[in-house]
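>>> One predicted model, sequence on top.
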Amino acid sequence: MSRSGGLQYKTDRGPSLAACRAVRRGHFITFEGGEGTGKSTQAKLLAARLKSLGIDVLLTREPGGSPGAEAVRHVLLSGAAKPLGPYAEAILFAAARDDHVRSVIRPALEQGTWVVSDRFADSTRVYQGVLGNVDPNLIRRLEHITIGGTRPDLTFILDLPADIGLKRAVRRRGSRPRDRFEAEGLAFHRKLREAYLELAEHEPERCMVIDASAHMTKIASVIWALVDARLHPAETPSELENAVS
């Protein structure tokens, strides 16, 4: 047996893939914004580009992303929890996030996988905290319990006038019924946009506001430039390189 950097492995076989990848934590990128801003599309495009470099990537979403969290997602987005009030919704989101972080996100990051998530804790800050008037102390406490130090390295806030975003959401939805938050009025979504922009002002090192009115390929190029400049994906060893290093 040989010891290197706190890792043990058999010298005749070399380090295992899991051991090599554990040396460098994966990066965590989240997408936020109002309805119809294109978060899901841009998250998919970014994940695909990272994978093209040979980087191991996990694409996930909230609410959801794990079996337990997906069950809670249905309760939340169907509107079944709305009569219980924003405090109950905040707690349900926290329960889903706790399962998501513990069973999916944190293990992936510890293995060196990059995680790209369509929404994360900022959504609770904005939807339930700002618009639902849930006590900020409770929001912070729920974050501390559910995510601890597992926080995004970079967050993209896709910004679009609320009326345009809602029209996009209608086209995307087609004949399917509106979900819990799409069904809110225009005033709600305008306040939502303001809350996200205020969040970005308070955390400028992490949160990048992206103009979501441009064509999706141009938006993707802007996002990639920021990821490249901040997280240097080209310098990340690929899974194959890790396996033989």
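Thanks, I have it.
>>> Pull the contacting residues for Val101.
By Cβ atoms under 8 Å, 6 or more residues apart in numbering, Val101 lies in contact with 146-147, 150. Quick note: C-beta positions are derived from backbone N, CA and C, even for glycine.
>>> Sort out for me which of those residues are in helices.
The helices, defined by DSSP state H, take in Thr146 from the contacts of Val101.
>>> which residues in the chain form strands?
Counting by DSSP state E, the chain has strands at residues 2-4, 7-9, 28-33, 57-61, 114-118, 154-159, 207-211.
>>> ok, back up a step: list just the nearest of the contacts of Val101 to Gly54.
For these, the minimum distance to Gly54 (Cβ to Cβ) is 24.3 Å, reached by Thr150.
>>> How many neighbouring residues does that closest one have?
Thr150 is flanked by 17 other residues according to other Cβ atoms under 10 Å.
>>> The one 3 residues further on now?
Counted by other Cβ under 10 Å, the residues lying close to Asp153 total 17.
>>> likewise the one 3 residues further on?
Using other Cβ under 10 Å, the number of residues around Phe156 comes to 28.
>>> which ones are touching it?
Phe156 touches 29-32, 42, 207-208, 210, 223, 226, counting by Cβ under 8 Å, 6+ apart.
>>> For this structure, name the helix or strand with the lowest mean pLDDT.
Using mean pLDDT, DSSP states H and E, strand 7-9 stands out as the lowest-scoring helix or strand of the chain, at a mean of 38.
>>> With respect to Leu84, which of the strands of the chain lies nearest?
Smallest distance to Leu84 across these (Cβ to Cβ): 22.8 Å, for strand 57-61.
>>> So which residues make contact with the closest one?
So strand 57-61 is contacted by 40, 43-44, 47, 50-51, 100, 104-105, 108, 113-119 (Cβ under 8 Å, 6+ apart).
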